[in-house]
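>>> What shape does this take:
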Amino acid sequence: MAGLVRSRLFWGSLVCLAAAAFFPRFGGAYEIGVLIPAFYFAVFAMSWDLLFGFAGEVNFGPTFLIGLGAYGAGIVDARFGLGIPLSVACGTALAVVGGVALALPALRLSGPYFGLVTLVAVLLLQQMVTVFADLSGGEIGLSLPDVLSIDDMTNYYFALAFLAVSGAVLFALSRSPAGLILQACGQDAVEAQALGFNVAKHKLAAFVVSAFFSGLAGALLVFYYGTASPGTFIDIAVGVQIIIAAVLGGRRTILGAVLGAVFLVVAGEVLRPLGQLSTFVVSGVALVVILLAPAGVLGTLLYRRGDA
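Now for the predicted structure:
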């Protein structure tokens, strides 16, 4: 703990958090509206980094867990009227149960097969939303009777607080003894097994934690939007953006995913007048950064300064 308090990363994170807390005093309603979903997007990316950066498992379908949380909460609220707290709890639980059901057989596979299984899971969830359109709203989308708040300031600080707590928990977990064991399992599973660590158990635990935060963030985000649609929560393109955000910010840094997520969302919004060209420009910048700094922005800074 003492080493963490003395690190530049700790104080840098506090400065960024303080700047974000004071931002509404200077930013307008439009800028605040851009940052709110960016904060939830950052939680998605941090959750993905825990599974890939530390457990070494490439999840090509992060939107499977996000979609379960979002649609689980949305359906419970829209069809059964249980209100936001219970709906969020149900959506998060569904994401965890679905994540365990997917991870138990998938973690038995090695190489690219785990990633392919998670990708197929996204496609299956998309088809389920379409097939059960009476329940899910189908491609048109599902409208919710409840929203977190109609006040942008309330939504902003709620999203920021959720990001801060999630980041603190995930970062602390990554730096804990369990996180170090998980990292060892991801880097060399055979050697970790020889040292007496249960590789499968630690990777399953990482998947559960990732599913919990992904599902919770998805469940909360659906109540911010007030609607759920496949293009928002389950689209493969959304999953690709989450992966790029985590890698761009820095693999095995957790907090770097926040930088990557905010950059992608804000840059995409700033370049929106360019139309389809905006995606090309943002993707090009991300590609250049990844090629020049494979460790990501934050990862490169930490390694240079010895704070990794």
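>>> alpha carbons only for contacts and neighbour counts from here, please
Will do.
>>> Report the separation between residue 235 and residue 61.
9 Å (C-alpha to C-alpha, to the nearest Å).
>>> Show me the strands in the stretch 201-308 of the chain, by range?
Under the criterion DSSP state E, counting those that start in this stretch, the stretch 201-308 of the chain carries strands at the ranges 227-228.
>>> shaky segments in it?
Filtered on pLDDT under 70, the stretch 201-308 of the chain yields the residue ranges 303-308.
>>> And the contacts of whichever strand or helix holds residue 115?
Assigned by DSSP states H and E, residue 115 falls within helix 113-131. Helix 113-131 is contacted from outside by 57-64, 67, 102, 106-107, 136-139, 230, 234-236, using C-alpha atoms under 8 Å, 6 or more residues apart in numbering.
>>> what about the helices in the stretch 51-200 of the chain?
Secondary structure of the stretch 51-200 of the chain, counting by DSSP state H, counting those that start in this stretch: helices at 62-80, 84-106, 113-131, 133-136, 152-175, 177-187, 189-194, 199-225.
>>> lowest-confidence stretch among the ones you listed?
For the helices of the stretch 51-200 of the chain, mean pLDDT drops lowest on helix 189-194, to a mean of 81.
>>> got a list of contacts for that one?
Contacts with helix 189-194, where a contact means C-alpha under 8 Å, 6+ apart, come from 181, 184, 185, 198, 199.
>>> likewise stretch 83-95?
Applying C-alpha under 8 Å, 6+ apart, the set of residues contacting stretch 83-95 from outside is 65-66, 68-74, 76-77, 146-148, 211-216, 219-220, 223.
>>> and if you look at stretch 97-108?
Contacts for stretch 97-108 (C-alpha under 8 Å, 6+ apart): 65, 68, 113-114, 117-118, 121, 200, 203-204, 207-208, 211.
>>> returning to what we had before: and residue 235 and residue 61? Which one has more around it.
Neighbours per residue, other C-alpha atoms under 10 Å: of residue 235 and residue 61, the larger number sits with residue 61, 27 against 20.
>>> what residues are up against that one?
Neighbours of residue 61 in contact, by C-alpha under 8 Å, 6+ apart: 115, 118, 119, 120, 121, 122, 236, 239.
>>> could the residues you listed go into a markdown table alongside neighbour count?
As requested, those are exported to a markdown table (neighbours: other C-alpha atoms under 10 Å):
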| residue | neighbour count |
| --- | --- |
| 115 | 19 |
| 118 | 23 |
| 119 | 19 |
| 120 | 14 |
| 121 | 20 |
| 122 | 24 |
| 236 | 21 |
| 239 | 24 |
